[in-house]
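Novice: Any chance you can model this:
(one chain, ligands or ions: 2)
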Amino acid sequence: MEGVGEEEMEGVDHLAHERNKSEFDVDAMKIVWAGSPHAFDVSDRISKLVASDPGFRKDNRSTLSRKELFKNTLRKAAYAWKTIVDLRLSEEEAAKLRFYVDEPAFTDLHWGMFIPAIKGQGTEEQQQKWLPLAYKMQIIGCYAQTELGHGSNVQGLETTATFDSQTDEFIIHSPTLTSSKWWPGGLGKVATHAIAYARLIVGGREHGVHGFIVQLRSLEDHSPLLGITVGDIGMKFGNGAYNTMDNGVLQFDHVRIPRNQMLMRVSQVTCEGKYKQSDVPRQLVYGTMVYVRQTIVADASCALSRAVCIATRYSAVRRQFGSQNGGPETQVIDYKTQQSRLFPLLASAYAFRFIGEWLKWLYADVTQRLQANDFSTLPEAHACTAGLKSLTTTATADGIEECRKLCGGHGYLCSSGLPELFAVYVPACTYEGDNTVLLLQVARFLMKTVSQLGSRLSSKKPVGTIAYMTRVEHLMQCRCGVQRGFAELSADLVEAAVAHCQLIVVSKFIEKLQQEIPGKGVKQQLEVLCNIYALFLLHKHQGDFLSTGCITPKHAALANDELRSLYSQVRPNAIALVDAFNYTDHYLGSILGCYDGNVYPKLYEAAWKDPLNESVVPDGYHLYIRPLLKQEIRTARL
Ligand SMILES: CC/C=C\C/C=C\C/C=C\C/C=C\CCCCC(=O)SCCNC(=O)CCNC(=O)[C@H](O)C(C)(C)COP(=O)(O)OP(=O)(O)OC[C@H]1O[C@@H](n2cnc3c(N)ncnc32)[C@H](O)[C@@H]1OP(=O)(O)O
Ligand SMILES: Cc1cc2nc3c(=O)[nH]c(=O)nc-3n(C[C@H](O)[C@H](O)[C@H](O)COP(=O)(O)OP(=O)(O)OC[C@H]3O[C@@H](n4cnc5c(N)ncnc54)[C@H](O)[C@@H]3O)c2cc1C
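Specialist: Ligands and ions are numbered 1, 2, ... in the order given. You can find the predicted model right below:
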């Protein structure tokens, strides 16, 4: 291009000088981030497959209407399914392909909730009947629990399921407006079936909330079945964002289903109308939520790492102030304020990755125990998944917004990828359990644990976390010691719950570093990030730590000094640490975060593609602006 300097030419890696500073083996770190060489291979291969296929294009979303956007999402979902079938992708590869397509869609709930609910709460017979249909996508399911009037309070759900022993059926009914199912993803326009949660009534007696498989639409022409009223609940936060998902509203008008469509692993109703509760905790009916919460923690590390990758690369590209004798201005990544905002988020992305790995292990362990009717770790699994889902999604949503601000004005452009990432991600603080409500569950678990174990919550933590453990115990003692009710102290107890979850994240990061971690300099980099995560939180909450007496103001000052030193150690490795996420430019969807750092020409080129620039004189000029300019409207009545 004429007049284009070397610094703006395509094909040049404008971040090469940054990559050359790296002090560790980036390829080895890619394996650590992916979880294993196999996981890296699958992830790398599938992400490139998606990035190279025009059928998965996503750069035009912000210019589509809601109906065009939704139809495009259906096209992509069908295209993804065809790709999976044609290429005979494994379940793992297929899940990765849906992840890298990167568009909220009904498939999230079909694969992420409908199928797990049947696997977790269905009998063997029910699994054998419904799972093959669901795996082949011959039925499309959603998870219909939340209602217009109740979401957090599951036991307050109003939909009824009344057993009719004459016909061996359940009658599913929405008795009130507030009992309308409201929010389930995929429900509005696509799902043919739902796992619907309703109050079970047998012989005039209520037995609490249970799950039922209900067909919603004809498999012939997709029309809603008799007694089913279903639709979309309307536009949501942001323009494109989550509006690719048909979150729906559903009302049942005395819909009849066979008795064998009640999920009966936890409880049963016999054809004689006898209600039987298996000798398993009724909370297993909540099992799908526990499963999704642990996947959401892993998803938090993905979302936060995307935002941090964009902000880190752009912070290395962007120069502002500091020019000496006409030389280049200073890279904003070299400002200590930029580092003190960005690097704790980089450390958090890695911390959440590892806690997500541990939580996946914990969930698998509790699932295995449940199969042997060992329910001993269910309360801890619930508290951990609830608390870590709350902690990581809050930190990630706040972190994505901070990354947008770290990119200055250009961070506010859709082409930065950050507004869309925030808009799609932020409901994670609400769905699968409002984050405060979930922390109250953790607080309840801590109260019970303290009352059972006395002051020491657990001695099973690495030495480096003594301060964190003491902080939790101190916060709990301050609350439990006071003779006031849980409700009165709930705001304080939630703080203790957050402290407990932060203790878990720090201790699992330290445990991760006790493992064999191959690659030159890799473990050293992770140790730096672990220390940043732990010391940043200690600095942020130093009031708590000082009040325990286990650190002094001098310790707090030393911790802050150490943080600055750690930021300096990260600085030369920052670009390599985000390269280790191995995201394609397609998946990042960000000009500011593009791999080659050639930002300005891409920003400029993208601007002219906006539909508003299809004409140099905008529609409306002659009708509204020209009269204004010509003052022909002076007499017009405004
Ligand atoms: C789709 C996902 C795909 C992939 C995932 C990857 C990334 C994510 C990306 C996108 C996600 C896509 C779409 C979003 C999907 C969102 C779907 C939803 O939102 S589904 C609806 C979610 N709804 C909730 O989470 C409701 C929250 N409320 C509750 O869980 C409960 O009401 C409550 C708050 C726990 C209260 O329960 P309850 O009223 O029964 O009573 P108690 O508090 O007294 O508890 C009694 C007793 O039970 C224990 N307990 C409670 N819950 C559980 C549990 N889940 N497991 C085990 N034990 C539980 C509790 O501790 C008490 O024990 P006790 O103290 O008595 O010993
Ligand atoms: C994008 C999106 C997708 C969703 N997908 C699905 C889906 O597929 N299937 C499905 O079933 N649902 C879905 N939901 C619904 C979601 O699960 C609920 O919105 C969520 O559980 C929160 O419940 P709520 O809306 O009733 O909030 P509420 O509980 O009404 O929360 C409102 C406020 O009240 C506070 N509050 C509530 N109870 C207490 C308490 N006991 N103590 C202190 N404070 C309290 C909360 O902290 C919050 O500040 C989705 C929601 C969203 C936003």
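Novice: Show me the shaky parts of the stretch 101-250 of the chain.
Specialist: When the per-residue scores of the stretch 101-250 of the chain are filtered using pLDDT under 70, no range remains.
Novice: Around ligand 2, pick out the residues from the stretch 201-350 of the chain.
Specialist: Listed as neighbours of ligand 2 in the stretch 201-350 of the chain under the rule CB under 6 Å from any ligand atom: 242, 247. C-beta: built from backbone N, CA, C; applies to glycine.
Novice: Helices along the stretch 201-350 of the chain, start to end?
Specialist: For the stretch 201-350 of the chain, helices defined by DSSP state H, counting those that start in this stretch occupy the ranges 287-317, 336-371.
Novice: Any idea which residue of the stretch 151-300 of the chain lies closest to ligand 2?
Specialist: When scored by CB to the nearest ligand atom, the stretch 151-300 of the chain has Gly151 as its residue closest to ligand 2, at 2.4 Å.
Novice: Check the burial of the closest residue to that residue other than its chain neighbours by counting its neighbours.
Specialist: The spatially closest residue to Gly151, leaving aside those adjacent along the chain, is Trp183, at 6.9 Å (CB to CB, 6 or more residues apart in numbering). When counting by other CB atoms under 10 Å, one arrives at 21 neighbours for Trp183.
Novice: so Trp183 touches Thr146, yeah?
Specialist: Yes - under the criterion of CB atoms under 8 Å, Trp183 lies in contact with Thr146, with a separation of 4.5 Å.
Novice: Report the contact partners of the nearest residue to Cys271 once chain neighbours are set aside.
Specialist: What sits nearest to Cys271 in space, not counting adjacent residues and going by CB to CB, 6+ apart, is Asp168, at 5.3 Å. Going by CB atoms under 8 Å, 6 or more residues apart in numbering, Asp168 touches 258-259, 271.
Novice: again with Val101
Specialist: The contact partners of Val101, by CB under 8 Å, 6+ apart, come to 50, 56, 76, 80.
Novice: Which one of the residues you listed is nearest to Leu513?
Specialist: For Leu513, the closest of those turns out to be Val50, at 32.6 Å, with distances computed as CB to CB.
Novice: Can you tell me the SS state at that closest one?
Specialist: Judged by DSSP: H, G, I helix; E, B strand; the rest coil, the three-state class of Val50 is helix.
Novice: ok, now Asn613?
Specialist: For Asn613, the reduced secondary structure class is helix; criterion used: three-state DSSP.
Novice: quick one: which helix or strand includes Asp59?
Specialist: When secondary structure is defined using DSSP states H and E, no element contains Asp59, which sits outside every helix and strand.
Novice: Not counting sequence-adjacent ones, nearest residue to it?
Specialist: If you skip the residues right next to it in sequence, Asp59 has Gly589 as its closest partner in space, 7.0 Å away by CB to CB, 6+ apart.
Novice: likewise Ile575?
Specialist: Closest residue to Ile575 in three dimensions, ignoring its sequence neighbours and counting by CB to CB, 6+ apart: Glu18, at 3.9 Å.
Novice: The one you found and Asn573 touch, don't they?
Specialist: No - with contact defined as CB under 8 Å, Glu18 and Asn573 do not form a contacting pair (9.3 Å).
Novice: sorry, back to before: name only those of the contacts of Asp168 that count as buried.
Specialist: Applying 16 or more other CB atoms under 10 Å to the contacts of Asp168, the neighbour count classes Arg259 as buried.
Novice: Please convert the helices of the stretch 201-350 of the chain to a markdown table, extending it with mean neighbour count, mean pLDDT and distance to Glu495.
Specialist: Shown next, in a markdown table, are the helices of the stretch 201-350 of the chain (neighbours: other CB atoms under 10 Å; pLDDT from 0 to 100; distance: least, CB to CB, whole Å):
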| stretch | mean neighbour count | mean pLDDT | distance to Glu495 |
| --- | --- | --- | --- |
| helix 287-317 | 25 | 96 | 20 |
| helix 336-371 | 20 | 95 | 19 |
